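> below is the structure, and that's it, no one-letter string:
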């Protein structure tokens, strides 16, 4: 195997909740450490994250760099990290992402032996019975935002639909991974939580202070529609939320940031093309409840976990309320979510 230099880019901001698990999983990788670097872009952590990074820097032979992220958001941190990366391939790995096994990086980098492959991403979120209800639920539905289920735009295996996406695509099974081609305006939410991309292609098609996940490939495919993406038949552990309250806060942050950055023309992917009837269907399903129960039952048949599937109903209710109220507030003012006291 011809090794490629990999730059793992990770935004941090009070990330101690998951940091030890995050870092230990990287160190255990069966990939030469001299071909790896970790770049942290920190938004001003005050919980010991920076001190812990320094502790691990003294214990590992992996090169570690820390850069200040003055704009604080994860998307700004990714931009800072990418511009300081030395590797041939960038891996966007959030601080709440835990690599599930020792050979993960080897498998993720393998598709880049094909010249047409510009990026790779795990096809699933790793389900673990020991995780909390919210994280088990997100792993089971293959997304952290249940609205994506109704509009069909998701990028990890969903046990409700038995699909990894519903977006139109050309797909070839290459054994350990799927080779996939999309039209630019029909890309699913690929671009985060263990996403690998050739640095040269990324930098050639990226400007500004923020790097938004789905916008990366959208702009890339607009300029070069012959490229393909690999969906590797593995997972990534995503410790998305510690509890329901955090789920609420993250949904609120998501809609606030989306409306703010869309208003500033920072977002590129044409979300306005999402058919309104799909959003209406989501709203009606939340109000009548029965469709949500049927979805949860379908998922339960494929992977029994009663409490995780029961969370599907309140997760949809929370999302409808937060997005609906956020859209109303957004008519009068648009501002970034407050991160002053944020913790993972």
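Ah, there it is. It should be emphasised that the depicted structure is a prediction, and the values quoted were computed from it without experimental measurement.

> tell me if residue 118 really is in a strand.
Yes. Residue 118: assigned to a strand according to DSSP: H, G, I helix; E, B strand; the rest coil.

> where's the residue sitting furthest away from the middle of the chain relative to residue 58, distance?
Centroid-distance maximum for the chain: residue 288 at 30.1 Å, with Cα atoms, centre = their mean. Going from residue 288 to residue 58 by Cβ to Cβ, to the nearest Å gives 57 Å. (Each C-beta comes from the backbone N, C-alpha and C, glycine too.)

> same check, this time on residue 91
Going from residue 91 to residue 58 by Cβ to Cβ gives 23 Å.

> more crowded one of the two?
residue 91 (25 against 7; other Cβ atoms under 10 Å).

> contact partners for the more buried one?
6-9, 105, 108, 194-196 (Cβ atoms under 8 Å, 6 or more residues apart in numbering).

> please tell me the pLDDT value assigned to it.
pLDDT, the model's per-residue confidence, is 98 for residue 91.

> same check on residue 208?
Value listed for residue 208 in the pLDDT field: 85.

> likewise for residue 328?
Reported pLDDT for residue 328: 88.

> specify the local secondary structure of it.
helix.

> could we number from 33 for the rest of this?
Noted, 33 is the first residue going forward, which turns the last one into residue 360.

> how close does it get to residue 314?
From residue 360 over to residue 314 (counting by Cβ to Cβ), the distance is 17 Å.

> got it, and residue 83?
Using Cβ to Cβ, residue 83 is found at 43 Å from residue 314.

> neighbour-wise, which of the two wins?
Per other Cβ under 10 Å, whichever of residue 83 and residue 314 has more neighbours is residue 314, with 22 against 10.

> could you find the closest non-adjacent residue to the more buried one?
Nearest residue to residue 314, sequence neighbours excluded (Cβ to Cβ, 6 or more residues apart in numbering): residue 182, at 4.0 Å.

> number of nearby residues for residue 316?
Residue 316: 11 surrounding residues under other Cβ under 10 Å.

> and residue 154, by the same measure?
Neighbour count for residue 154, taken as other Cβ under 10 Å: 29.

> that one pairs with what?
The residues listed as beta-bridge partners of residue 154 by DSSP bridges are residue 264.

> got the contact list for it?
By Cβ under 8 Å, 6+ apart, the neighbours of residue 154 are 140, 188, 225-226, 263-264, 266-268.

> which residues of the chain score low on pLDDT?
Scanning the chain for pLDDT under 70 picks out the ranges 33, 366, 368-376.

> can you map out the strands along it?
38-44, 68-74, 95-100, 121-124, 129-130, 149-157, 202-205, 209-213, 227-230, 260-270 (DSSP state E).

> Serialize those strands to CSV and add fields for distance to residue 220.
Converted to CSV, those look like this (distance: least, Cβ to Cβ, whole Å):
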stretch, distance to residue 220
strand 38-44, 21
strand 68-74, 25
strand 95-100, 30
strand 121-124, 16
strand 129-130, 18
strand 149-157, 10
strand 202-205, 12
strand 209-213, 9
strand 227-230, 12
strand 260-270, 10
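
> residue 330: which of those strands is closest?
strand 149-157 (17.2 Å; Cβ to Cβ).
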